[in-house]
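In: fold the following for me, if possible:
(2 chains)
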Amino acid sequence: GAVVSQHPSWVICKSGTSVKIECRSLDFQATTMFWYRQFPKQSLMLMATSNEGSKATYEQGVEKDKFLINHASLTLSTLTVTSAHPEDSSFYICSARVSGSYNEQFFGPGTRLTVL
Amino acid sequence: AQSVTQLDSHVSVSEGTPVLLRCNYSSSYSPSLFWYVQHPNKGLQLLLKYTSAATLVKGINGFEAEFKKSETSFHLTKPSAHMSDAAEYFCVVSFSLSNNDMRFGAGTRLTVKP
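Out: Sure, this is the predicted structure:
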């Protein structure tokens, strides 16, 4: 149980285009989902916290107009990287917190974004 | 301030020898602590977690960790390393009174030599 999927697993796009990444909780409801970014050989950095039906809370230094987050249902959150540039190339990982479960998050497999 | 520190960026051991990956935290509150493993280009897998129950926590694949409040540590150990243990390991802290987000340590890369 507690499986989180991400789609796509990898994507290559041209500079200036937008890319949407989906995060789904497959067998549980997640009132809260989290988006992380991981640069090569570095740790995960929290980008934003997404609560179902409300606006996401962004960490300091993360541009909310560039990284659009939508959490329209209890099983789906999306991250859209708008007007992507090469410096946005990274590994994006989502996680979902089980409703009623204290602190435990389950992580998706990640999406590798390469912007040319 | 809340923080988590992994003391070694890289640990190298021989197959069959013990593994010790060190983690210290700083928190004003009672933390929840986790160890995750990440194999190359793969997602994170939970090894074990501490959430104020038993201080010695046993996880998957023979790993265990001990929560020591006096030392603010949560070191990860395994008696005998296997080649398949080679990966990146993250110590993670969740601060009880925050928004339940998790803060990651910088990671420790474990290399296992044959």
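In: helices or strands up against the helix-or-strand element of chain A with minimal mean pLDDT?
Out: Every helix and strand in chain A was compared by mean pLDDT, DSSP states H and E; the lowest is strand A:105-107, with a mean of 86. Counting contacts by 3 or more CB pairs under 8 Å, 6 or more residues apart in numbering or on different chains; DSSP states H and E, strand A:105-107 packs against strand A:90-98. No exception for glycine: its C-beta is placed from N, CA and C like everyone else's.
In: which single residue in chain B comes nearest to chain A?
Out: In chain B, the residue that lies nearest chain A is B:Gly43 (3.7 Å; CB to the nearest CB).
In: quick check: pLDDT value at the closest residue to that residue other than its chain neighbours.
Out: Nearest residue to B:Gly43, sequence neighbours excluded (CB to CB, 6 or more residues apart in numbering or on different chains): A:Pro109, at 3.7 Å. We have a pLDDT of 90 for A:Pro109.
In: likewise for B:Asp101?
Out: 66.
In: A:Phe91 is in contact with A:Gly110, correct?
Out: Yes: the pair A:Gly110 and A:Phe91 passes the contact test of CB atoms under 8 Å, sitting 5.2 Å apart.
In: between those two, what contacts are shared?
Out: Listed as contacting both A:Gly110 and A:Phe91 by CB atoms under 8 Å, 6 or more residues apart in numbering or on different chains are A:Gln38.
In: okay, the two: which has more neighbours?
Out: Between A:Gly110 and A:Phe91, counting by other CB atoms under 10 Å in any protein chain shown, A:Gly110 is the more crowded of the two (23 against 19).
In: dump the residue contacts of that one.
Out: If you count contacts by CB under 8 Å, 6+ apart, A:Gly110 has them with A:6, A:9, A:38, A:91-93, B:41-43.
In: go with 10 Å
Out: Contacts for A:Gly110 (CB atoms under 10 Å, 6 or more residues apart in numbering or on different chains) come out as A:6, A:9-10, A:21, A:36, A:38, A:44, A:90-94, B:38, B:41-44.
In: quick one: list the elements packing against the lowest-mean-pLDDT helix or strand in chain B.
Out: Least confident helix or strand of chain B, by mean pLDDT, DSSP H and E, is strand B:102-104 with a mean of 84. Helices and strands touching strand B:102-104, by 3 or more CB pairs under 10 Å, 6 or more residues apart in numbering or on different chains; DSSP states H and E, are strand A:30-38, strand A:44-51, strand B:3-6, strand B:31-38, strand B:87-95.
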